[in-house]
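**Student:** Need the 3D shape of this:
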Amino acid sequence: MTYDIAVLRGDGIGPEIVDQATKVLAAATKAIPGIDLAINHLDGGADYYVRTGQVAPEITWTAMRQADAILMGSMGHPDIRMPDGTEVQGHFVVNARKSLDLYAGVRPIKAYPGSRGLDPSAKVDLVIVRESTEGLFASFGGGAQVSDDVFADTMIVTRKGSERISRYALELAGTRRGRPSDGAALVTCVDKANIFRSLAFFRRVFDEVAADYPTVRTDHALVDSFSMNLMLHPEDYDVLVTENMFGDILSDLAAALVGGLGLAPSGDIGDDHAMFQPAHGSAPDIAGQDRANPVATIVSARMMLDWLAERHDDNKLRIAAEVIERAVVETMAAGALTADLGGSLRCSQFGDAVAESVRRIASELAA
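**Tutor:** Below you'll find the model as predicted:
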């Protein structure tokens, strides 16, 4: 089967890191017979907005709807803004999440060899699952100007949105190895239910859904105190489920545990579509210098293969995803690191190293 992959290279370092991800994907598809990925490059982003006045052309939105999966580089530029003062990246990503109903924002936080986390001895392997179509982000592009001095945005929480994101998180916990401290499958609902009625409702719906999953442990945490506990005891957490804005903030915070956003992949996942991209920004200050860390983008591409494999029950894609993950781990364990991790490799050199590891590992498996 041929899978149609819509690719947006993005802005700043986006093209450089996407090129490494597609390089690794090409190595995997060539080394593992029976996999065919048709890469379709699309326009969109801040540079495109400067040229055309549009965030993306209609052909891009159509191709994204028709694609089997979407792979993106970092998008946007802090100095390129819409008339309302917001950045281009937000308009593209939020519109994509809404139009494709990508309700599950999945942010794995995992320590890789050679990463420079806050505590190198900490055991970190958790996933943050944020509801990506509601919450405070539902007000994006809207809001209200009450007066010249007052603006307001509104948080939206629905039963449908809360039920399906809770179910996604609970299902995910059932497929994982559990929290590092004791192997228990655990989903923590992170909210501010002591203050906001909308989030008390989110917690109540989570508890209702959790009753269908008796083998998965659940607990609750208030986002403010939880932020401290996450940094002090990350090994006690497995899957976190939370509102959109909280998830956005917590996932960037948690990346500090494992060495930064250069190691933070993400997926925006729905029932029929999915989009994968690094959690970091476009870093225009190092764009075009071959200095970026492509790990988050390569691992996002691996997540894409995992999602396609599950959706289409394709064991070849499962193998390819496992090979890419192993290749990233082994490459970093050998000391092949980019400058942000204390290494000397250029972005393209790291991509070459992972691609070579993919070819070697695939050859060993075939022998």
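**Student:** When you work out contacts or count neighbours from here on, use the C-alpha atoms and nothing else.
**Tutor:** Fine.
**Student:** Which helix or strand contains Val7?
**Tutor:** strand 2-8 (DSSP states H and E).
**Student:** any idea of the mean pLDDT in that strand?
**Tutor:** Per-region confidence: strand 2-8 scores 98 on mean pLDDT.
**Student:** helix or strand right after that strand?
**Tutor:** For strand 2-8, the following helix or strand on the C-terminal side (DSSP H and E) is helix 14-31.
**Student:** Go ahead and name everything in contact with that next one.
**Tutor:** With Cα atoms under 8 Å, 6 or more residues apart in numbering as the contact definition, helix 14-31 has outside contacts at 9, 35-37, 72-75, 282, 288, 290, 292-294, 297-298, 301, 320, 323-324, 347-348, 351-352, 354-356, 358-359, 362-363.
**Student:** Enumerate the positions of it that are buried.
**Tutor:** With burial defined by 16 or more other Cα atoms under 10 Å, the residues of helix 14-31 counted as buried are 14-29, 31.
**Student:** Can you list the strands that the lowest-mean-pLDDT helix or strand in the chain pairs with?
**Tutor:** Least confident helix or strand of the chain, by mean pLDDT, DSSP states H and E, is strand 144-147 with a mean of 79. Each strand paired with strand 144-147, and its direction, by DSSP bridges: strand 150-152 (antiparallel).
**Student:** Might you calculate how far the partner strand sits from the centre of the chain?
**Tutor:** With Cα atoms, centre = their mean, to the nearest Å as the basis, the distance from the averaged C-alpha position of strand 150-152 to the chain average is 31 Å.
**Student:** ok so, going back, quick one: buried ones out of the contacts of helix 14-31?
**Tutor:** Buried positions within the contacts of helix 14-31, assessed by neighbour count (16+ other Cα under 10 Å), are 9, 35-36, 72-75, 282, 290, 292-294, 297-298, 301, 320, 323-324, 347-348, 351-352, 354-356, 358-359, 362.
**Student:** Identify the spatial nearest neighbour of Lys98, chain neighbours not counted.
**Tutor:** In this structure, Lys98 finds its nearest non-sequential neighbour in Thr133, 5.9 Å apart by Cα to Cα, 6 or more residues apart in numbering.
**Student:** ok, back up a step: could you tell me which of the buried ones among the contacts of helix 14-31 belong to strands?
**Tutor:** Using DSSP state E to define strands, the subset of those located there is Asp36, Met72.
**Student:** Mind checking which of the buried ones among the contacts of helix 14-31 are in helices?
**Tutor:** Within those, membership in helices is found for 297-298, 301, 320, 323-324, 347-348, 351-352, 354-356, 358-359, 362, as judged by DSSP state H.
**Student:** so which two of those residues are the farthest from each other?
**Tutor:** The largest separation in those, counting by Cα to Cα, is between Cys347 and Ala362 at 22.7 Å.
**Student:** can you map out the strands along this protein?
**Tutor:** Using DSSP E, the strands assigned to the chain run over residues 2-8, 36-41, 69-72, 104-110, 125-131, 144-147, 150-152, 186-191, 217-222, 239-242, 265-269, 274-278.
**Student:** what angle do the last one and strand 104-110 make?
**Tutor:** Read that as strand 274-278. Relative orientation of strand 274-278 with respect to strand 104-110: 40 degrees, computed using axes from the mean of the first three to the mean of the last three Cα atoms, to 10 degrees.
**Student:** Ser227: what's it in contact with?
**Tutor:** For Ser227, the contacting residues are Leu250, by Cα under 8 Å, 6+ apart.
**Student:** do His220 as well
**Tutor:** Listed by Cα under 8 Å, 6+ apart, the contact set of His220 reads Thr188, Cys189, Val190, Asp191, Arg203.
**Student:** is it in a bridge, and if so with what?
**Tutor:** Bridge pairing for His220 - DSSP bridges - gives Cys189.
**Student:** Break the chain down into its domains, please.
**Tutor:** The chain is divided into the following domains under the TED database: 1-105+266-366, 118-257.
**Student:** what's the pLDDT at the residue positioned nearest the centre of the chain?
**Tutor:** Nearest to the mean C-alpha position of the chain, counting by Cα atoms, centre = their mean, stands Ser266 at 0.7 Å. Turning to Ser266, the model gives it a pLDDT of 98.
**Student:** quick one: it from Glu364, how far?
**Tutor:** When Cα to Cα, to the nearest Å is the yardstick, Ser266 and Glu364 sit 29 Å from each other.
**Student:** I figured the residue nearest to Lys98 was touching Asp101, is that so?
**Tutor:** Yes - A contact is recorded between Thr133 and Asp101 when judged using Cα atoms under 8 Å, the distance being 7.1 Å.
**Student:** The two: which has the busier surroundings?
**Tutor:** Looking at Thr133 and Asp101 with other Cα atoms under 10 Å, you find the greater number of neighbours at Thr133, namely 25 against 18.
**Student:** Quick check: phi and psi on the more buried one?
**Tutor:** phi -120, psi -10 (degrees, to the nearest 10).
**Student:** And for stretch 209-216, what's in contact with it?
**Tutor:** By Cα under 8 Å, 6+ apart, the surrounding residues in contact with stretch 209-216 are Glu163, Ser166, Arg167, Leu170, Ala173, Gly174, Ala184, Ala185, Leu186, Val187, Thr218.
**Student:** Does the second one touch Phe206 like I think?
**Tutor:** Yes - contact between Ser166 and Phe206 holds when scored by Cα under 8 Å: they sit 5.5 Å apart.
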